[in-house]
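In: Predicted coordinates and the sequence they were generated for:
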Amino acid sequence: MWVALCALGLAAGLLAPAPVTAAEPFDAPRAAPKEPRAAPKEPRVALRVLRAPRDGGDQTAVAVVDLGGRFVLGGGPWGTLVELSPGIAAQFDLQAPSMELVNADYRVGLGITRVRGAWSGRLELYHQSSHLGDEFLLRKDPVRENVNFEAVEALLAYRMGAWHLYGGADARVRGAPDALPRRQWLAGLEWRPQVGVATRPYVAWYGSREHGGGQRGDSFALGFEFAAQGVRRHAIRAALVRYQGHSPFGQFFTQRIQYTGVLLELVL
């Protein structure tokens, strides 16, 4: 019920028509809501090199390769945009003998987005499945989880100068395992000052809290975005990242972890 109320509130604020001025022409790719930059599971094209724990508790170097993004398919009713968001996030143990694949998370979502002035919102249905790597299975013989589910996410964002605020909810509607959080609150805060044309710093936090307690996670990013002058869409981001909480990597969702590292992202 509370997820439905979030969606209704999002719709009430965003579906009313907004004036279009000559200074801000409609541009479909840029009209989509800005993605939370610190969200650990956001579809993106990126490489993360992290210092993270192994199962035994000792630290190892992990590379996370992200391939995905959010792509506008076309216009929908009431000024909305229809958006497809495929993605894969693969984690490799760089200190294992063959730099083995540890876990891969596959995701695909279909959503509608709307931007109205400083407000923006997204309502999305997505599927995720997670699988352990073959070499990791042979070496570790771990207990495999059947991580395969669908969920609905509602996210509302507000821009106030250099500040960007996010709030919303995520609800699992089908799938396994039962130990996965069924409902989560989502929130984020970012500072993106306009200090230059080609190079822009940012500081970001993104958090999730299971409804009623239980699982939680906090992700932080401190970095720069580099964009060629006159290019509105494409950019490169480099950031220091940190995460603490329950693992965002599907097969290990029951484990509490901390990791620190660097991120290099291509914004398409």
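Out: Sure, I can see it. Residues are numbered from 1 along each chain as shown.
In: Please name the bridge partners of residue 132.
Out: Applying DSSP bridges to residue 132 yields these beta-bridge partners: residue 103.
In: Residue 142 versus that one, what's the distance?
Out: Going from residue 132 to residue 142 by C-beta to C-beta, to the nearest Å gives 7 Å. Any C-beta I mention is one placed from the backbone N, CA and C, and that applies to glycine too.
In: next structured bit after the helix or strand that residue 52 is a member of?
Out: Element membership for residue 52 (DSSP states H and E) is strand 45-53. Downstream of strand 45-53, the next assigned helix or strand under DSSP H and E is strand 59-68.
In: Kindly spell out which helices and strands sit in contact with that next one.
Out: strand 45-53, strand 81-93, strand 256-267 (3 or more C-beta pairs under 8 Å, 6 or more residues apart in numbering; DSSP states H and E).
In: Of all the residues in it, which ones are buried?
Out: Buried residues in strand 59-68, counted by 16 or more other C-beta atoms under 10 Å: 62, 63, 64, 66, 68.
In: which ones are touching the spatially closest residue to the fourth one that is not a sequence neighbour?
Out: The shortest distance from residue 66 to any residue other than its chain neighbours is 4.3 Å, reached at residue 46 (C-beta to C-beta, 6 or more residues apart in numbering). Shown in contact with residue 46 (C-beta atoms under 8 Å, 6 or more residues apart in numbering): 64, 65, 66, 237, 263, 264, 265, 266.
In: mind running it again at 6 Å?
Out: Shown in contact with residue 46 (C-beta atoms under 6 Å, 6 or more residues apart in numbering): 66, 263, 265.
In: ok, which stretches of the stretch 101-250 of the chain are helices?
Out: 134-140 (DSSP state H, counting those that start in this stretch).
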